[in-house]
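> sharing a sequence plus its predicted fold:
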Amino acid sequence: MQNPSLCLIPQLQPSISPHQLLRKLNLTQVAPRIYCILCESLAKSSRGYEAIEYFRDMTKKGIFVSSSVYSSFIRSFASIRDLTVIEELFKEAEERRMGYKPGQVTYASIINAYCRIGLNSKAEMVFSEMEQKGFDKCVVACSSLIVMYGNAGRIRDAVNLVAKMKQKGCQPNVWIYNSLIDMHVRVKNLR
């Protein structure tokens, strides 16, 4: 026997929106995963404002929001440099109004967004907050800060962060070492 929800797909009009499709198929058991996939896909394809509508719908229906959805949103809005939405999402997550408490992935995403936009002091502030909350072994967040330090010519800060990582038992990866080599080459500081 075929899956009844899949049998409906040929009957749908080609111009139907994803939201209308969800309603028409009435996939209540798989709706949380479908919503997450839809939000992540829209956010990754720079259609963040559209994704926010589904995101709000998810939260109204009490559907669990995963860290990957928040991270996709943050990256999407960072790519178009919309800081207002990034900060609003992060604030909502922190205040738990969305039913999700930000974790290491969300913190790393907001740090990366600030670094990419060039808001160094905000990136450092969020990193400090992340460390205070116990997420102090995040290679992704450290990598973003190290690249930021390199772009700002702050080699000493980058090297100090790598030393701090090692001290806490967090091993730098190849991206971090490549960033350190790159910044030293740029300032002709090879030994």
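Here it is on my side, so go on.

> contacts, neighbours, all on C-alpha from now
Noted.

> what's the spacing between residue 34 and residue 55?
12 Å (CA to CA, to the nearest Å).

> show me the contacts for the spatially most central residue of the chain.
Here the mean C-alpha position of the chain is nearest to the C-alpha of residue 71 (CA atoms, centre = their mean), at a distance of 2.1 Å. Contact partners of residue 71, counting by CA atoms under 8 Å, 6 or more residues apart in numbering, are 105, 106, 109, 110.

> residue 49: which element?
When elements are defined using DSSP states H and E, residue 49 is found to belong to helix 48-60.

> what's the mean pLDDT across that helix?
In this model, helix 48-60 has a mean pLDDT of 75.

> ok now that helix, how far from the chain's centre?
Here the centre of helix 48-60 is set off from its chain's centre by 16 Å, with CA atoms, centre = their mean, to the nearest Å.

> what's the following helix or strand after that helix?
helix 67-79.

> picking that back up, could you identify the most distant pair in the contacts of residue 71?
With distances taken as CA to CA, the most widely separated pair in the contacts of residue 71 is 105 and 110, at 8.8 Å.

> the more surrounded of these two?
Legend: neighbour count by other CA atoms under 10 Å for residue 105 and residue 110, higher for residue 110 (26 against 17).

> looking at the protein, which helix or strand does the model trust least?
The helix or strand with the lowest mean pLDDT-type score in the chain, counting by mean pLDDT, DSSP states H and E, is helix 4-8 (a mean of 44).

> which residues in this structure form helices?
With DSSP state H as the definition, the chain shows helices at residue ranges 4-8, 18-25, 31-44, 48-60, 67-79, 83-94, 104-117, 120-132, 139-151, 155-167, 174-186.
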